[in-house]
Structure formats: C-alpha cells, structure tokens
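Novice: give me a 3D structure for the following:
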Amino acid sequence: MCYKVEKQRKIEQKLSEELKNVPGFIADFFDRYKSSATKKINWIYIRDMLNWMLSNGCIKKDSISNIVEEDMNGITSNNVIKYLNELKNGISGRANSLDSINTKKNVFSSFWNYLRQNKCVDENVIAYIPKNLYKSEKKFKEVEIPTDEEVEEFLKRVNDGNKNEFNVIRNIAIVQLIKGSGIRSEELINMDISDLHLYEEDRPYMMILGKGNIEMYDKVYMSKRAKMYLEEYLTMRDIFIRERKITNKALFLSNENKRMSKGAITSFFERYSDGRIYPHMLRHWVGTDLYNRTNNIMIVQRQLRHKNLETAARYYVHMDESTIANAVLDL
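Specialist: The predicted structure is shown next:
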C-alpha cells in the first residue's frame, strides 16, 4: 500500500475513534468529505466551536456527546460571531488571521446547511453573519521568494554544515529536487523509489500523488541538475540500506531508517538558511523563474499543478506601475 494511502487510512481510523461518542447527526456530516485530512481538520474546527458553545452556556449540556438537535437550533448568529471574534482577538489562545477565520466560517456554513437539509435545524445561522465582517483587506497573499544568491548560499551551507556524508548528499538532493521541479515538501516525503523515472525517456520525471489526491498520479518533470543530484543520492542510498540491512520503499530516508518527516526537512532548511528559506518558498522560486524564462503562465500552472490559471497568475505575473501606465497611454 502506498505511503500516502496508508497515512490516510490511519487518520481515518483515529477520526473514527474520536467520533464514536459524537451524536450521529453531527458525526455523519464528515462523511461528505473525500480526504481524511480534510475530515480531520474540519472536525477540529467544529469540535472547538461546539466546546465553546458549551462553555459559554449557548448549549445547556455538559459535553458534545449529549448534544441533541434542539440544542443546535438554539445557537444564534450572534453566538457564532462572539466565538469568531474571540478567535480573531486571541482571547483564549493564539489570534487567528482573517483568512483562517473565513475558512472556519465557511466550514460552519457547510455544517449548518447540512443540518438544515436534514431537518435538524430550521435555518443556517451563518447566513446572517455580515459578509464583510471578517473580510481580509489584502487583495491576495503575497508570496515570499528567495533571491538566487540566497538559494546558492543556502546550498553552500547545506553542503558544508554536516559531517555525515549521507545526510549532506540526501539534503542537497532534496533541495535540488524541489528547486528543479517545484514539488511540495509533502509530495516529496510521500515519494517511493518506484515513483522515479529517470531513464525511461530523455526527460526525467516522477509520478506524484498531488495535493488532495489518493489515487490520481501527476506526471511531474524535473531538471537535469535535479536528476544528477538524485543519482548521486541513490548511489549513497543503496550503500546505506545494504549496510543497515533494511528494506524501505521511501525515496528519502532518515538516519533512523524511516521515511523523512516534514519536520526534519523544515528543520534543516531553517538551520542552514537562518530561517530565511522554507521548502514552499523554493516552490515559488520555481514558479517565478519558469514564468520569467517562458512568459507562459500555462507552463507554470501545469508544472506546479495549480487548479486554475488565476491562482498561478496571481502569484507569478507581476507588473509594475510603469508597464501599466505605458500600456494605457497607447489605448
């Protein structure tokens, strides 16, 4: 079984245990989501909201397990607004961004719609929350992109900063693979040896289970440089597994003979860049470089596998004021 599918199965099992004592009319809502990870995070959002309602007397019960449909009918839009305002102001924990609050609000709206469709409540109270109340003033999220010089300095420090030869070669291969393809760190972690296709064609590629996918693989190309460093790492990996007499299908292995974790990758990025470069920033570096060299946003969208052109363009197509002004002058 593929690692990502196995991970989804474990999340599903754990979530099933957590929902055992949750009333069926609440627990059944999560069956509507395909991704186990989405089910889990949405359950956390709803669980925390319901616990707040219990603690603040909006629901007159002592636990979620005792909530009945009539209790949900008693929650008002003002109750939800007070909860979201506490999240925004960080009254009982870390303050949530407006983007985060809007995400939770959308989940709550889907939840109340489900309750209304199943005649558990009379109406969707989220619909009465003013649409602009938590609207972010930012038009879009600016992406952080390291300079070429920062990337080269980072690679130099990765190369010089560890006495363990296996770690050095593996870490450089990880950086070069992200830098030479734009894949997400989570996708890189999920990769097995069998996902690599370095020699079948003149154009090396890998098969990736992308974001939200557990069945559909994407064909993702890589640079010649990434292939070169992967070949060096694979030679070292063969020695590593023979000496330790281990069998592990994971492409990138830790010194504990396990699949590399996201935390381990983030940690060495942070350590050797003094916190200035993270894996996802290299993905943005790839998108920016691809667009600057090709001036074709469709190539960027395809390689980085953004759902639509608008998302890719928002991140990577930048025009300064003089370009816009000059274009308008010629109208």
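
Novice: so where do the strands sit in this protein?
Specialist: With DSSP state E as the criterion, the chain has strands at 196-197, 205-209, 217-221.

Novice: closest one to residue 117 among the ones you listed?
Specialist: strand 205-209 (32.2 Å; C-beta to C-beta). In short, each C-beta sits where N, CA and C put it, glycine included.

Novice: buried sites along the closest one?
Specialist: For strand 205-209, a neighbour-count test (16 or more other C-beta atoms under 10 Å) marks 205, 206, 208, 209 as buried.

Novice: which of these lies closest to residue 233?
Specialist: Distance from residue 233 was checked for each of the buried residues of strand 205-209 by C-beta to C-beta. The minimum falls on residue 206, at 13.6 Å.

Novice: the closest one touches residue 197, doesn't it?
Specialist: Yes - if you go by C-beta atoms under 8 Å, residue 206 and residue 197 touch, sitting 6.4 Å apart.

Novice: go through the strands of the chain and name the closest to residue 15.
Specialist: Closest approach to residue 15 among the strands of the chain (C-beta to C-beta): strand 205-209, 20.0 Å.

Novice: need the contact partners of the closest one.
Specialist: Contact with strand 205-209 is made by 2, 4, 181, 183, 187, 190-191, 195-197, 216-222, as judged by C-beta atoms under 8 Å, 6 or more residues apart in numbering.

Novice: which residue is the nearest non-sequential neighbour of residue 76?
Specialist: Nearest in space to residue 76, with sequence neighbours left out and distances taken as C-beta to C-beta, 6 or more residues apart in numbering, is residue 125 at 5.9 Å.

Novice: quick one, what contacts that neighbour?
Specialist: Neighbours of residue 125 in contact, by C-beta under 8 Å, 6+ apart: 75, 76, 77, 79, 80, 112.

Novice: those in helices, which ones?
Specialist: Restricting the contacts of residue 125 to those inside helices, with DSSP state H as the criterion, leaves 77, 79, 80, 112.

Novice: could those be laid out in TSV, adding distance to residue 30, neighbour count and pLDDT?
Specialist: What follows is these, written out as TSV (distance: C-beta to C-beta, whole Å; neighbours: other C-beta atoms under 10 Å; pLDDT from 0 to 100):
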residue	distance to residue 30	neighbour count	pLDDT
77	23	16	96
79	22	18	97
80	19	23	97
112	15	22	97
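
Novice: between all of the residues you listed, which two are separated the most?
Specialist: Maximum distance among the ones in helices among the contacts of residue 125 (C-beta to C-beta): 12.0 Å, for 79 and 112.

Novice: flag the shaky bits of the stretch 201-331 of the chain, pLDDT-wise.
Specialist: Filtered on pLDDT under 70, the stretch 201-331 of the chain yields the residue ranges 212-215, 318-325, 327, 330.

Novice: apply 90 and report the result again.
Specialist: Residues of the stretch 201-331 of the chain meeting the criterion pLDDT under 90: 201-202, 209-218, 292, 295, 306-331.

Novice: cool, and the stretch 51-200 of the chain?
Specialist: Low-confidence regions of the stretch 51-200 of the chain, defined here as pLDDT under 90, cover residues 91-94, 99, 131-132, 134-145, 161-163, 199-200.

Novice: ranges for the helices of it?
Specialist: Taking DSSP state H, counting those that start in this stretch as the criterion, the stretch 51-200 of the chain carries its helices at 69-73, 77-89, 98-117, 148-160, 165-179, 185-190.

Novice: report the distance from the first one to the chain centre.
Specialist: Helix 69-73 has its C-alpha centroid displaced from the chain centroid by 34 Å (C-alpha atoms, centre = their mean, to the nearest Å).

Novice: just the buried residues of that helix, please?
Specialist: Along helix 69-73, these residues count as buried under the neighbour rule (16+ other C-beta under 10 Å): 71, 72.

Novice: how about residues contacting it?
Specialist: With contacts defined as C-beta under 8 Å, 6+ apart, helix 69-73 is touched by 25, 59, 60, 61, 115, 120, 121, 122.

Novice: most widely separated two among those residues?
Specialist: With distances taken as C-beta to C-beta, the most widely separated pair in the contacts of helix 69-73 is 61 and 122, at 19.5 Å.

Novice: more neighbours, these two?
Specialist: Neighbour tally, residue 61 and residue 122, criterion other C-beta atoms under 10 Å: the higher count belongs to residue 61, 13 against 10.

Novice: list the contacts of the spatially closest residue to the more buried one that is not a sequence neighbour.
Specialist: Take residue 61 and drop its neighbours on the chain: the residue closest to it by C-beta to C-beta, 6+ apart is residue 67, 5.6 Å away. Neighbour list for residue 67: 23, 26, 50, 59, 61 [criterion: C-beta under 8 Å, 6+ apart].
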